[in-house]
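> here is the input, now give the coordinates:
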Amino acid sequence: MYHEAIEKYLLGHGFDALRPRAVLFDMDGVLFDSMPNHARSWAQVCTEFGLEMSTEEAYLHEGRTGEATINILTRRHLHRDATPEEVQQLYEAKCRLFNACPEAPKMPGAEELLGRVKAAGLKIVVVTGSGQLSLLERLTTHYPGFFSPDLIVSSKDVRHGKPHPEPYLMGLQKAGVEPWEAIVVENAPLGVQAATAAHIFTVAVNTGPLQPATLTDAGADILFPSMQAFSDAWPQFFGEL
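Numbers count the residues shown, from 1 in each chain. Next up is the predicted model:
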């Protein structure tokens, strides 16, 4: 299965080989089981501001910058972009709700996978649509020894969020690698689209309520049902490379 997926990726992008030197991880829904809190917070704050968003829709917007998500809603309901003041007010309210939620646990299998990646001598990069300091700080406290501040891309670092390839292109730049020298681990359709648009081999982990086809249709090269499943498969997968 892995061999066929790799060959299809190489043929589709015109690369000679996949030689990973770095693994680029999304954060919410990949390293932390935080998407339920994000989805509930978005749904509640949007209702309070007169904009409708279901918790299910929040999963489909995962990976966008807060500003981009807010503008989609204001265009739909108010037929205009949000003002900078509205964006700030709504996003700050969403962050307050999120920070009041119970702390999201580490995603099962994530630390084990990080250990396998580090043992293989690969760089570990985080590429997240979040800009919340509380979450970024958790990387170092909950996963000590794995992450370096200079190898983190957040919404504060980019002009265009996912599904635009800019976040993952910046991740490649920070790691000092080419697309065929990296692997992306994503759980969101927009993140998968961003990674494939950056021509990176993309592993999707379906850690939320989405149908598997939502991720494969977005362009994922390989799909696993969980982070634990990918961690368990890593020795065989990496051996194919």
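> center of the protein - which residue?
By C-alpha atoms, centre = their mean, the chain has its centre lying nearest to Asp26, at 3.1 Å.
> OK, contacts around that one?
Gly63, Val126, Val127, Thr128, Val184, Val185, Glu186, Asn187, Ala188, Gly191 (C-beta atoms under 8 Å, 6 or more residues apart in numbering). C-beta coordinates here come from the backbone N, C-alpha and C atoms, glycine included.
> just the buried residues of the longest helix along the chain, please?
If you go by DSSP state H, the chain has its longest helix at helix 84-100. Using 16 or more other C-beta atoms under 10 Å as the test for burial, helix 84-100 gives Glu86, Val87, Leu90, Tyr91, Ala93, Lys94, Cys95, Leu97, Phe98.
> test my guess that the first one contacts Leu73.
No. Between Glu86 and Leu73 there is no contact under C-beta atoms under 8 Å: 10.4 Å.
> turn the buried residues of helix 84-100 into TSV, including pLDDT and distance to Pro235.
Listed next are those as TSV, based on pLDDT from 0 to 100; distance: C-beta to C-beta, whole Å:
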residue	pLDDT	distance to Pro235
Glu86	95	49
Val87	94	45
Leu90	94	45
Tyr91	90	41
Ala93	94	45
Lys94	91	40
Cys95	88	39
Leu97	92	41
Phe98	88	36
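> picking that back up, CA atoms only: put the helix or strand following the longest helix of the chain into CSV for me.
As assigned by DSSP states H and E, the chain's next helix or strand after helix 84-100 is helix 110-119. Taking only C-alpha atoms (Å, rounded to 0.1, in the frame of the first residue of the first chain), the coordinates of helix 110-119 have been written out as CSV:
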residue,chain,number,x,y,z
ALA,A,110,1.3,11.4,19.0
GLU,A,111,4.2,11.3,21.5
GLU,A,112,5.1,7.8,20.4
LEU,A,113,5.2,8.9,16.7
LEU,A,114,7.3,12.0,17.6
GLY,A,115,9.8,9.7,19.3
ARG,A,116,10.0,7.5,16.2
VAL,A,117,10.5,10.5,13.9
LYS,A,118,13.2,11.9,16.1
ALA,A,119,14.9,8.6,16.3
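> immediately after helix 110-119, which helix or strand?
That would be, after helix 110-119 and using DSSP H and E, strand 123-127.
> just the buried residues of that following strand, please?
So for strand 123-127, counting by 16+ other C-beta under 10 Å, buried means Lys123, Ile124, Val125, Val126, Val127.
> and the furthest pair within these?
Spatially, the most separated pair among those is Lys123 and Val127, at 12.4 Å (C-beta to C-beta).
> could you pull out the helices in this structure for me?
Under DSSP H, the chain gives helices at 2-13, 35-48, 55-61, 66-78, 84-100, 110-119, 133-142, 166-175, 189-197, 212-217, 227-240.
> which residue packs closest to Leu172, ignoring adjacent ones?
Nearest residue to Leu172, sequence neighbours excluded (C-beta to C-beta, 6 or more residues apart in numbering): Ala182, at 6.0 Å.
> could you do His160 as well?
Glu166 (4.5 Å).
> burial count for that neighbour?
17 (other C-beta atoms under 10 Å).
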